[in-house]
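Q: sequence plus the predicted model coming up.
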Amino acid sequence: MANHISHAKELVEAFNGSDWDAVTGLLGTSTYNEFGTQRELKGPETVEAMQGWKSAMPDVKGTVSTALEADNQVVLEVSWHGTHTGPLVTPEGEIPPSGKTQTTPGAWVFDFDGDSLRESRHYFDMLTFLQQIGAA
């Protein structure tokens, strides 16, 4: 039987370590919904989006404080902390580096089909993030 909590936590750790091969393997062909940016991504697009966050904040790390599992679903409560030292590319244009640190709370919900990740939905407070880096 699959350990879905481990799978979800490994994805956060792979992101933290910029291990894009591991991220790719853990995501598989799943759909990723990033509600803070209103993006729905799949496969390589998801990895590119995560790499974009790392380009804007090379030191950004997620810390999991809570992990819950029921049936084929996992919910992680994650705090994202990093320093905005690179340009953040958005659909409205680039936000130049501010040098400011941010800590943004989030919840990441994972739906599994057997051992495979089918879909995830990442909810985080984009307004708090933008205020902390001086962009709102």
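A: All right, it came through fine.

Q: sheet partners, orientation included, of the lowest-mean-pLDDT helix or strand in the chain?
A: When each helix and strand of the chain is scored by mean pLDDT, DSSP states H and E, strand 88-90 comes last, with a mean of 90. If you go by DSSP bridges, strand 88-90 pairs up with strand 93-95 (antiparallel).

Q: and the strand it pairs with, how far out from the chain's middle?
A: Distance of strand 93-95 from the chain centroid (Cα atoms, centre = their mean, to the nearest Å) equals 19 Å.

Q: tell me the first helix or strand C-terminal of it.
A: The helix or strand immediately downstream of strand 93-95 is strand 101-113, counting by DSSP states H and E.

Q: identify the residues contacting that next one?
A: Strand 101-113 is contacted by residues 2, 4, 7-8, 12, 36, 57, 62, 72-84, 117-125, 128-129, 132-133 when judged by Cβ atoms under 8 Å, 6 or more residues apart in numbering. Yep, even glycine has a C-beta here, placed from its N, CA and C like the rest.

Q: so for stretch 5-25, mean pLDDT?
A: Taken as a whole, stretch 5-25 carries a mean pLDDT of 98.

Q: only C-alpha atoms, please: export that stretch in CSV.
A: The C-alpha coordinates for stretch 5-25 follow below in CSV (Å, rounded to 0.1, in the frame of the first residue of the first chain):
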residue,chain,number,x,y,z
ILE,A,5,1.8,11.4,3.1
SER,A,6,5.5,10.4,2.3
HIS,A,7,4.9,11.1,-1.4
ALA,A,8,3.5,14.6,-0.7
LYS,A,9,6.3,15.4,1.8
GLU,A,10,8.9,14.2,-0.6
LEU,A,11,7.6,16.6,-3.2
VAL,A,12,8.1,19.5,-0.9
GLU,A,13,11.6,18.3,0.0
ALA,A,14,12.5,17.8,-3.6
PHE,A,15,11.4,21.4,-4.3
ASN,A,16,13.4,22.6,-1.3
GLY,A,17,16.5,20.9,-2.7
SER,A,18,15.9,22.0,-6.3
ASP,A,19,15.9,18.3,-7.3
TRP,A,20,13.9,18.7,-10.5
ASP,A,21,14.3,15.0,-11.5
ALA,A,22,12.7,14.0,-8.3
VAL,A,23,10.0,16.7,-8.6
THR,A,24,9.3,15.4,-12.2
GLY,A,25,9.0,11.8,-11.0
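
Q: noted, bye for now.
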